[in-house]
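> Sequence first, predicted model second:
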Amino acid sequence: MTAPNITFNSDGAGSISGDVLVLGAVQSADGPTLFASDSFPKLQAQLALVGFSAKADELVRLPAIEGSATSVAIIGLGKDASAKAIRSAAGSAVRQLAGNATLVFGCGRDVDSALGCCP
């Protein structure tokens with residue numbers, strides 16, 4: 001099995017192209033909340049409708065409504081968006097999305113800095 005090409009991006013969903021845009025979501029009292037550089041209001045509204053709760057390692061894949069990726073996968077971070085939780089979720093998403101050529105991880109600049117992806 002070949003490994004997918006993985007890209008981290010904090011520029012916004014409109015410029016992202018790839019097979020799957022991967023976004024993280026945290027559990028909150030109001031339901032799952034996307035943890036990304038863009039708000040993705042249409043996508044945010046769909047999460048509760050499909051029964052997604054954002055438990056750690058829970059993944060749901062939906063057709064892309066925004067951006068230029070073919071589909072969007074939301075990976076649960078659990079209740080905390082620490083660097084450890086994000087790393088774990090990224091690894092889980094890569095394993096669960098095996099077979100896709102390109103995965104693009106959309107996250108905010110603060111996440112990039114915490115993970116050491118960007119200066």
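Great, that's in hand.
> if I've got this straight, Ala90 is in a strand?
No. Counting by DSSP: H, G, I helix; E, B strand; the rest coil, Ala90 is not part of a strand but helix.
> what's across from the residue lying closest to it once chain neighbours are set aside in the sheet?
Spatial nearest neighbour of Ala90, chain neighbours left out: Phe105 (6.2 Å); criterion: Cβ to Cβ, 6 or more residues apart in numbering. (C-beta placed from N, C-alpha, C; glycine too.) Beta-bridge pairing for Phe105 (DSSP bridges): Phe8, Val22.
> pLDDT score assigned to Phe105?
pLDDT for Phe105: 81.
> Same check on Leu43?
We have a pLDDT of 85 for Leu43.
> Would it be right to say that it lies in a helix?
Yes. Under three-state DSSP, Leu43 falls within a helix.
> residue contacts, the residue nearest the centre of the chain?
The geometric centre of the chain, computed from its C-alpha atoms, lies nearest to Leu23 (Cα atoms, centre = their mean), at 1.3 Å. Applying Cβ atoms under 8 Å, 6 or more residues apart in numbering, we find Leu23 in contact with 34-36, 40, 43, 72-75, 105-107.
> Kindly recompute the last result at 7 Å.
For Leu23, the contact set (Cβ atoms under 7 Å, 6 or more residues apart in numbering) comprises 34, 36, 72, 74, 106.
> Can you tell me the element Asp30 falls in?
Asp30 belongs to no helix or strand when assigned by DSSP states H and E.
> now it: how far from Gln44?
10 Å (Cβ to Cβ, to the nearest Å).
> so where is this protein shaky, pLDDT-wise?
1-16, 37-39, 67, 107-119 (pLDDT under 70).
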